[in-house]
Every structure is written in C-alpha cells, then in structure tokens.
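[1] what follows is a predicted structure for the sequence shown.
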Amino acid sequence: DTEVTQTPKHLVMGMTNKKSLKCEQHMGHRAMYWYKQKAKKPPELMFVYSYEKLSINESVPSRFSPECPNSSLLNLHLHALQPEDSALYLCASSQFDGPSTDTQYFGPGTRLTVL
Amino acid sequence: GDSVTQMEGPVTLSEEAFLTINCTYTATGYPSLFWYVQYPGEGLQLLLKATKADDKGSNKGFEATYRKETTSFHLEKGSVQVSDSAVYFCALSDGLGGSQGNLIFGKGTKLSVKP
C-alpha cells in the first residue's frame, strides 16, 4: 500500500483565519514533505521532515508553520494567509530523505482558497 | 544546478495514437529519473522510474529508458486512451545537496486524448 492521505480535500479561509492541513501515511516512511502547486505549474517544495525533524525550509513565509507530531503525521498550520497563497497543497513521503533512488509518494492534495 | 526540460504542451492526440513526451536533464551526479502523472483535480501519482543508465521503467503501457549518453528519459506509449488525458511531469532526484531526496520537476506536459 503506497497511500498518503490528506484532509481536508478543499478549504476556504479568510485572511484572518487559522486553519490546519493534515497528512498521514502508514508506510513506515521517515521522510515527509509539503509542496505548493499553483495552476499549470509543477509542485514547489516547501518543507522536508526527516525522522520527525525539520531538515529543509525553502524560505517559506512564517504564516506557514509545519509540524510533525509523529512519524506518520504531518501538519501544516496556516495563519494570516494572503490570496496569493491559494493553491493545491501536496504532501508526500519517502522511505528516507537521502538516497536518490528513493521514491516520493504523493497524497491527493488540499485545494486551498484564501479570500 | 540540476534541471529538467520537457516538451511544452498541450499535446492533443486521437485514441490509439502513439505518444512521445520528450524529457532531458542536466545533473552533476547520478540521478534517478521519474515520470509522475496528475489527473485533473488530483495529486501526483508515480508512473514509472529508472535509477541507473540503460534502465527501462514501465507501467500501464508507458515506457521510458534512462539514456545517459543523451541525458534523456522520454516517455512513450504505443496506443493512448482517453483515460490517459492528464499532465505528465518528468523529475529527477540527484541525491546531492541539502536535501538529498529533493525532486526537481520539469514544467509538465498536458496530454489530451480525443475519442
């Protein structure tokens, strides 16, 4: 089973709201990722967690706050977002954050709209 | 730095036509190469991968061969179906740099198959 699940599927929020995106995998993977994808563009890496520790932050604004409570869960906390943050947010996982041969498996994404 | 270049779309084909989507790469190390597919409104799904030169990845009738001499990983399918309509992303993972498992994506190629 190579399933990564994400909730919610859709989210609409105002610029003053606080919301969270959730990602879960039960493949025993030790690396988890958040990507942002704008329409007609490839995914852009935001964060990488390796063994539940943040290893990469691709200069993402502080209004996005990742959290990895355990090896199966990854959250993305959202606060004071801007309309330009509207996008598809994808979670992915891989066995490790290391070998180039490792495969990243993606979830279905959360479609976020910021009003 | 590493990069992936794939043919610009959209590509429109009739059902049962032959498909080629070109992908070339630049990498300093020994990358693994991937094709991901994204159906409308969904996340990315791994289509196939190859981890070393001359490897052929295949899945669901799609094939791609890792050609180190031409730095290419072209995607082919002998007979496309309407259900193959999607966006296809070529990607590499070079195992180098700050996050060794980072994926570098091409811009994506939209395929539309008409009945």
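    Sure, I can see it.
[2] residue ranges for the strands of chain A, please.
    Assigned by DSSP state E, chain A shows strands spanning A:4-7, A:10-13, A:18-25, A:31-37, A:44-50, A:53-57, A:64-70, A:73-79, A:87-94, A:105-106, A:110-114.
[3] rebuild these as a markdown table, extending it with mean neighbour count, mean pLDDT and distance to chain B.
    C-beta here means a position set from N, CA and C on the backbone, and glycine is covered the same way. Converted to a markdown table, the strands of chain A look like this (neighbours: other C-beta atoms under 10 Å in any protein chain shown; pLDDT from 0 to 100; distance: least, C-beta to the nearest C-beta, whole Å):
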| stretch | mean neighbour count | mean pLDDT | distance to chain B |
| --- | --- | --- | --- |
| strand A:4-7 | 18 | 96 | 8 |
| strand A:10-13 | 14 | 96 | 10 |
| strand A:18-25 | 18 | 97 | 11 |
| strand A:31-37 | 24 | 94 | 6 |
| strand A:44-50 | 21 | 92 | 5 |
| strand A:53-57 | 13 | 88 | 4 |
| strand A:64-70 | 15 | 95 | 14 |
| strand A:73-79 | 18 | 97 | 14 |
| strand A:87-94 | 24 | 96 | 5 |
| strand A:105-106 | 22 | 94 | 4 |
| strand A:110-114 | 18 | 96 | 8 |
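[4] could you dump those strands into TSV and include distance to B:N22?
    Output for these, formatted as TSV (distance: least, C-beta to C-beta, whole Å):
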stretch	distance to B:N22
strand A:4-7	29
strand A:10-13	35
strand A:18-25	33
strand A:31-37	22
strand A:44-50	23
strand A:53-57	30
strand A:64-70	35
strand A:73-79	34
strand A:87-94	25
strand A:105-106	23
strand A:110-114	30
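[5] for those strands, which one sits closest to B:F18?
    With C-beta to C-beta, the closest approach to B:F18 among the strands of chain A belongs to strand A:105-106: 27.9 Å.
[6] strands paired with that closest one, and their directions?
    With DSSP bridges as the test, strand A:105-106 is paired with strand A:87-94 (antiparallel).
[7] what angle do the partner strand and strand A:73-79 make?
    160 degrees (axes from the mean of the first three to the mean of the last three C-alpha atoms, to 10 degrees).
[8] would you mind writing the CA trace of strand A:87-94 as PDB?
    What follows is strand A:87-94, C-alpha atoms only, in PDB (Å, rounded to 0.1, in the frame of the first residue of the first chain):
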ATOM      1  CA  ALA A  87      -3.000  26.700  -4.400                       C
ATOM      2  CA  LEU A  88      -3.100  23.000  -4.200                       C
ATOM      3  CA  TYR A  89      -1.000  21.800  -1.200                       C
ATOM      4  CA  LEU A  90       0.500  18.400  -1.600                       C
ATOM      5  CA  CYS A  91       2.000  16.100   1.000                       C
ATOM      6  CA  ALA A  92       4.500  13.400   0.100                       C
ATOM      7  CA  SER A  93       6.500  10.800   1.800                       C
ATOM      8  CA  SER A  94       9.500   8.600   1.100                       C
END
